[in-house]
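Q: turn this into a model:
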Amino acid sequence: RVFNEEWTHKYFFGNTGNKAVCLLCHETIAVFKEYNLKRHHETKHNEFGCKLSNEERKKKAAECVTKLKKQQTLFTKQSTLQDSATEASFMIAYNLAKRNKPFSDGEFVKQCMVDCASVLCPDVRSKFENVSLSRRTIVRRIDSISDELTEQLKTASKDFVWFSLALDESTDNEDTAQLLIFIRGINENFVITEELLGLESMKSTTTGQDLFECAVNCVEKSGLSWNRMASITTDGARAFTGKNVGMVKLLKDKLQAQDTDSDVLSFHCILHQESLCKAALDLKHVVEPVVSVVNTIRARALNHRQFKSLLEDMEAEYEDVIHHNSVRWLSLGKVIKRVWFLQNEILLFLDMKGISCDFVTKMGCEEWRYEMMFAADVFEKLNELNVTLQGKGLFAHEMWKHVKSFKAKLGLFARQAGEGKFCHFPLLGKQKVPESVSAKIRDHLQSLEDEVTRRFQDSRKLSLNLICCLILSLLILIQHLRSCSLN
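A: Numbers count the residues shown, from 1 in each chain. Below you'll find the model as predicted:
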């Protein structure tokens with residue numbers, strides 16, 4: 001049925017959203033039947049407009065239609081403003097969670113926005129005041145975002161042709177073991193999805209069986225199919241890589257039981273292997289005195305304050321020394337380099353305070369000073385490699401390419417060190433290094449090169465297999481093109 005425009009001035013009804021709306025009392029009638037509209041008008045508004053002429057009724061009906069549209073526009077505008085305020089609340093909650101900020105900071109952010117609006121645009125201050133950012137609201141927003149991201153990942157995972165897992169177990173500040181499970185999947189359109197699949201808390205032991213159960217529970221809860229799993233990467237801990245009861249062995253046994261043709265590849269995390277390579281340098285006799293003097297300065301608040309004041313008075317290049325943490329091993333090169341640049345100020349401060357430590361004695365040894373410069377330079381090289389291996393979207397063969405390039409550089413550095421050339425080392429390159437120290441540095445670099453070769457031998461085999469697969473694929477493609485041209 002179609003709404004007849006004559007009903008507007010005849011019965012004072014308008015058409016809104018395929019429903020007849022009374023312009024006088026705003027009641028709605030679902031079916032466009034003249035009898036229903038007429039009965040409503042005669043029953044509830046029989047005396048309205050009875051003394052008006054036809055033209056006056058049309059004019060009055062037009063005024064009522066305009067008034068109704070204004071009311072509807074006002075409601076729509078209010079709804080739009082509320083939706084915008086809700087969206088802004090979600091955006092702020094997302095950013096607070098992304099940067100690990102307290103949920104209560106939402107109220108502080110809101111106060112800042114309102115104060116800025118009061119100065120820059122007072123007429124829209126009320127819009128910022130309508131944004132709800134209380135602590136409980138932030139919690140609800142983050143829960144909603146988490147649920148939405150989980151659903152998006154589940155939806156995307158249904159289209160995965162292949163997927164791989166990366167697992168890492170660590171202990172938080174509450175001594176609870178946390179198992180991080182990351183997933184990377186690819187669909188038939190070669191769209192790659194890389195995301196955190198789950199975080200499993202382990203309250204008791206962390207054996208291979210415990211890790212296996214947590215991983216299986218997380219994967220099956222996400223609705224993923226095991227026969228589409230291509231590889232698994234771990235940090236190389238015994239609980240993961242044990243020969244008989246390691247998590248990887250248990251997982252492979254499970255997949256073999258389901259499908260005898262299953263062949264899941266297992267890898268040791270490239271980043272973790274790269275960090276372990278530094279042990280081959282054997283620079284403990286250099287690192288320990290440096291870390292010790294830094295701890296001596298920073299351990300007591302009074303010493304730390306006085307040292308910073310001394311640096312300020314002497315207009316030193318840096319304002320403070322860097323504290324070293326063994327977990328954040330990348331900071332080691334920066335710590336050594338900072339101490340080298342502040343060596344005069346540190347020695348002066350220790351002398352003024354009457355503090356004796358191994359660092360003062362070592363700095364008097366010329367050979368140890370050369371090794372300290374070498375440590376700062378070589379750890380900087382390792383830091384640069386580590387940064388290139390980080391980030392989303394990197395594939396194993398790309399990471400292996402960076403490692404292979406670094407290994408070639410180590411060979412070059414070792415040969416040049418044997419000749420007394422250190423042009424690639426910023427600190428050592430400015431010094432005339434004795435032959436005995438050059439030989440020792442050459443041995444350090446060769447040891448590091450051998451360690452990189454040993455730890456990444458599996459990656460080299462994988463690279464060769466990938467090259468063989470590519471050559472085979474090219475041969476098949478060429479054969480297909482030839483057969484098409486002949487036909």
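Q: partner residues bridging the spatially closest residue to residue 153 that is not a sequence neighbour?
A: Nearest residue to residue 153, sequence neighbours excluded (Cβ to Cβ, 6 or more residues apart in numbering): residue 195, at 5.4 Å. C-beta here means a position set from N, CA and C on the backbone, and glycine is covered the same way. Counting by DSSP bridges, residue 195 forms beta bridges with residue 183.
Q: now do residue 195, the pLDDT please.
A: Residue-level confidence at residue 195 comes out at 88, pLDDT.
Q: repeat for residue 116
A: As summarised for this prediction, residue 116 has a pLDDT of 90.
Q: is it correct that it falls within a helix?
A: Yes. Judged by DSSP: H, G, I helix; E, B strand; the rest coil, residue 116 forms part of a helix.
Q: which residue ranges form the strands in the chain?
A: 13-16, 19-22, 28-29, 160-171, 177-187, 192-202, 229-234, 265-268 (DSSP state E).
Q: any residues touching the fourth one, and which ones?
A: Contacts of strand 160-171 with the rest of the structure, by Cβ atoms under 8 Å, 6 or more residues apart in numbering, involve 157, 177-188, 193, 197, 202, 206, 211, 215, 219, 224, 228-235, 237, 239-240, 247, 269.
Q: which among these end up buried?
A: Neighbour counting by 16 or more other Cβ atoms under 10 Å classes 157, 177, 179, 181, 183-187, 193, 197, 202, 206, 211, 215, 219, 224, 229-235, 237, 239-240, 247, 269 among those as buried.
Q: what helices and strands are in contact with the longest helix out of those in the chain?
A: Ranked by residue count under DSSP state H, the longest helix found in the chain is helix 54-98. The helices and strands touching helix 54-98, judged by 3 or more Cβ pairs under 8 Å, 6 or more residues apart in numbering; DSSP states H and E, are helix 6-11, strand 13-16, helix 105-120, helix 125-129, helix 135-157.
Q: what average pLDDT does that helix get?
A: Helix 54-98 shows a mean pLDDT of 76.
Q: the residue nearest to residue 153: neighbouring residues, count only.
A: Residue 195 has 15 neighbours, counted by other Cβ atoms under 10 Å.
Q: who's in contact with it?
A: 149, 153, 182-183.
Q: closest one to residue 284 out of these, please.
A: Using Cβ to Cβ, residue 182 is the member of the contacts of residue 195 that lies nearest residue 284, at 33.3 Å.
Q: which one is that closest one nearest to, not counting chain neighbours?
A: With Cβ to Cβ, 6+ apart as the criterion, residue 182 has its nearest non-adjacent residue at 4.3 Å, and that residue is residue 166.
Q: measure that neighbour to residue 457 for me?
A: From residue 166 across to residue 457, the span is 20 Å (Cβ to Cβ, to the nearest Å).
Q: these two: who's more crowded?
A: residue 166 (19 against 10).
Q: which among the strands of the chain is found nearest to residue 99?
A: Closest of the strands of the chain to residue 99 is strand 192-202, at 16.2 Å (criterion: Cβ to Cβ).
Q: could you work out the most separated pair of the contacts of residue 195?
A: Most distant of these, by Cβ to Cβ, are 149 and 182, 13.8 Å apart.
Q: circling back to that earlier point, any chance of the strands of the chain in CSV with distance to residue 361 as columns?
A: What follows is these, written out as CSV (distance: least, Cβ to Cβ, whole Å):
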stretch, distance to residue 361
strand 13-16, 91
strand 19-22, 92
strand 28-29, 93
strand 160-171, 37
strand 177-187, 42
strand 192-202, 46
strand 229-234, 43
strand 265-268, 40
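Q: could I get the pLDDT score of the residue nearest to residue 182?
A: Reported pLDDT for residue 166: 89.
Q: tell me what it is bridged to.
A: Applying DSSP bridges, one finds that residue 166 bridges with residue 182, residue 233.
Q: how far away is it from residue 270?
A: Taking Cβ to Cβ, one finds residue 166 at 11 Å from residue 270.
Q: again, but for residue 187
A: Distance, residue 187 to residue 270, by Cβ to Cβ: 25 Å.
Q: likewise for residue 317?
A: Taken as Cβ to Cβ, the span from residue 317 to residue 270 is 35 Å.
Q: of these two, who's got more company?
A: Ranked by neighbour count (other Cβ under 10 Å), residue 317 and residue 270 place residue 270 first, with 19 against 10.
Q: got a list of what the more buried one touches?
A: When the contact criterion is Cβ under 8 Å, 6+ apart, the partners of residue 270 are 389, 396, 399-400, 403, 456, 459.
Q: same check, this time on residue 65
A: Each residue near residue 65 by Cβ under 8 Å, 6+ apart is listed here: 8, 14, 23.
Q: could I get those as CSV with pLDDT, neighbour count and distance to residue 85?
A: Below are these laid out as CSV (pLDDT from 0 to 100; neighbours: other Cβ atoms under 10 Å; distance: Cβ to Cβ, whole Å):
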residue, pLDDT, neighbour count, distance to residue 85
8, 71, 20, 36
14, 75, 19, 31
23, 74, 22, 32
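Q: excluding its backbone neighbours, what's nearest residue 252?
A: residue 264 is the one closest to residue 252 (Cβ to Cβ, 6+ apart), at 5.9 Å.
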